[in-house]
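[1] Pasting the sequence and the predicted model now:
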Amino acid sequence: MSQKVRVRFAPSPTGPLHIGGVRTALFNYLFAKKHGGDFVLRIEDTDQNRFVEGAEEYIIKSLDWCGMPFDEGPGKNEKFGPYRQSERKHLYRQYADDLIASGNAYYAFDTAEQLDAERKAHEAEGKTFIYNWHNREKGHLINSLVLTPEETQAKIEAGDDYVIRFKSPQDENLILKDIIRGTIKIDTNILDDKVLFKSDGMPTYHLANIVDDHLMEITHVIRGEEWLPSLALHKLLYDAFGWDAPEFAHLPLILKPTGKGKLSKRDGDKLGFPVFPLEYTAPDGTVSRGYKEDGYFPEAVVNFLAFLGWNPGTEQEIFSLEQLVSDFELEKVHKAGARFDPDKTKWFNHHYMQQQLDLHLAEQFKTMQPELAEMDVNYIALAVGLIKERATFVSDFWNLSHFFFTTPTSFDEKASKKALKEGTEDVLNKVIELVNNTEDFTVENLQTNIKGWITDNEIGFGKVMMPLRLALVGALQGPDVFDIMYMIGKAETVKRIENLIKSIS
């Protein structure tokens, strides 16, 4: 690639950024970084009716949280600015006029009522109405192709509403290239003459998008599959302007966990997983869950999103952002939709949990659990190190570790039936004696003394270890018993065993 690679992520600020959008941003980011290029953020806010206050900030925070900040965009390296389409309105009219001058576009004065009447007339004959070559010059429709230049000018000067339509070619076979989908052939006779400029003086997405990509020197357009039907028009627009088109790549849809249909917020609500990177509060006060607030690590989110449509061609599943940049290729993105698997996202999070520093996790855990407010964070970190392999989220920690911080006040009924037998009191009293006699209170010494006594007296391990665990934890769960004893200390260990003895008697 001789030209510097420049890609853009161009979301609309109409609400929170769906993870489908984050995946599009990620694939753009990976491609740009792999080729030493620029990752541009452009805000496509021409639809002011759907504009949502705070959505742009949400998009930027989401990209930052995922570890993929943009190189160029609103307020940052603005060499091709402005980067909000609403601030570029003045640019587009000139390009629409250029297309009219070159014969590639025309004024259309048809009212909504007239177009509706045409639609109904076609339906009555069992046909579908398409505004294009087969009817644009028949006289039913009012446009500058059937009016004289003087009539057209008179209508414009009289203030008649009009749109500017693209004049799609007739009887041509269009050959389109897509990096992911290969060669696509389109018969131009099936294309409609899309509106490029609306009667309110605003460009449509199609015109603004092409002009901006050209002016911002975008070399590769990597976007969702839903834009594939627009590819023919966009290529024709580049040709009409006499510009070199960028290369295109259309990413597969992200499908529901069932594999049928596009993933939506409703699927997340129903099955209990977020579909947005960060928590989002809508203007009406409705709160949508976010991956961050649900306890996911950004590394896990990036890793699972990369696998929604891309495959490295090896067995490897764990990729850091740096490894993804190095291994990512658009040619390895699938055409078929990618099924979203909520369990797999948890699997990734569990993996990244094990990579985190215990102290870092302990700091998070401490802020979440009021009982830990006065606890030494280094002690919490030791406990975290013993239980994190059984956790998927930091929010799982309390259930797995509460006995390190609070004395059990009751004993699980089922566990008690299993652990407490005839003679258990005598066994536990002997354990107290052994604990008290362990001078240097380490895991190794406790293990040697207690296991040695069990072996020497030929007692079944379960007869001692099960009631001991019940005394320390209140249930038959938790990490190694000797680790727990060492952590809570000699006095607390003895106190807990005495509590169980009292409950037996």
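    Okay, I see it. Residues are numbered from 1 along each chain as shown.
[2] Every contact and neighbour count from this point should use C-alpha atoms.
    Fine.
[3] hey, where'd the strands end up in the stretch 151-300 of the chain?
    Assigned by DSSP state E, counting those that start in this stretch, the stretch 151-300 of the chain shows strands spanning 163-166, 173-178, 182-187, 195-197, 220-224, 247-251, 254-255, 280-281, 287-288.
[4] angle of the third one against strand 173-178?
    Think strand 182-187. If you take axes from the mean of the first three to the mean of the last three C-alpha atoms, to 10 degrees, strand 182-187 sits at 150 degrees to strand 173-178.
[5] Packing partners of strand 182-187?
    The contact analysis (3 or more C-alpha pairs under 8 Å, 6 or more residues apart in numbering; DSSP states H and E) places strand 182-187 against strand 173-178.
[6] Check which residues of the helix or strand where Leu468 lies are buried.
    Element membership for Leu468 (DSSP states H and E) is helix 461-473. Buried residues in helix 461-473, counting neighbours by 16 or more other C-alpha atoms under 10 Å, are found at Lys463, Val464, Met465, Met466, Pro467, Leu468, Arg469, Leu470, Ala471, Leu472, Val473.
[7] just to revisit the earlier point, any chance of the strands of the stretch 151-300 of the chain in TSV, with mean neighbour count, distance to Pro370 and mean pLDDT too?
    Below are the strands of the stretch 151-300 of the chain laid out as TSV (neighbours: other C-alpha atoms under 10 Å; distance: least, C-alpha to C-alpha, whole Å; pLDDT from 0 to 100):
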stretch	mean neighbour count	distance to Pro370	mean pLDDT
strand 163-166	25	62	98
strand 173-178	15	55	96
strand 182-187	12	57	96
strand 195-197	23	58	96
strand 220-224	20	44	97
strand 247-251	22	45	98
strand 254-255	22	39	96
strand 280-281	16	25	92
strand 287-288	14	24	91
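[8] Out of those, which is closest to Arg6?
    Closest to Arg6 of these, according to C-alpha to C-alpha: strand 220-224, at 6.6 Å.
[9] related to what we said a few turns ago, what's the helix holding Leu468 packed up against?
    Using 3+ C-alpha pairs under 8 Å, 6+ apart, helix 461-473 is in contact with helix 413-419, helix 424-436, helix 481-488, helix 490-504.
[10] Packed most tightly, which of the ones you listed would that be?
    helix 481-488 (a mean of 19; mean count of other C-alpha atoms under 10 Å).
[11] That one vs helix 490-504, what angle?
    120 degrees.
[12] tell me the angle helix 481-488 makes with helix 424-436.
    60 degrees.
[13] Render the CA-only coordinates of helix 481-488 in PDB, please.
    What follows is helix 481-488, C-alpha atoms only, in PDB (Å, rounded to 0.1, in the frame of the first residue of the first chain):
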ATOM      1  CA  VAL A 481      -8.200 -25.200  54.700                       C
ATOM      2  CA  PHE A 482      -4.600 -24.500  55.900                       C
ATOM      3  CA  ASP A 483      -4.500 -21.300  53.800                       C
ATOM      4  CA  ILE A 484      -7.700 -20.200  55.500                       C
ATOM      5  CA  MET A 485      -6.300 -21.000  59.000                       C
ATOM      6  CA  TYR A 486      -3.000 -19.100  58.200                       C
ATOM      7  CA  MET A 487      -4.900 -16.100  56.900                       C
ATOM      8  CA  ILE A 488      -7.400 -15.700  59.800                       C
END
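[14] now that helix: mean pLDDT?
    Mean pLDDT, computed over helix 481-488, is 96.
[15] got it, and stretch 123-130?
    For stretch 123-130, mean pLDDT rounds to 93.
[16] Ok, stretch 421-438 next?
    93.
[17] for that stretch, the distance to its chain's centre please.
    With C-alpha atoms, centre = their mean, to the nearest Å as the basis, stretch 421-438 stands 54 Å off its chain's centre.
[18] Need the residues that contact it.
    Contact partners of stretch 421-438, identified using C-alpha atoms under 8 Å, 6 or more residues apart in numbering, comprise 445-446, 449-450, 463-464, 467-468, 490, 494, 497, 501, 504.
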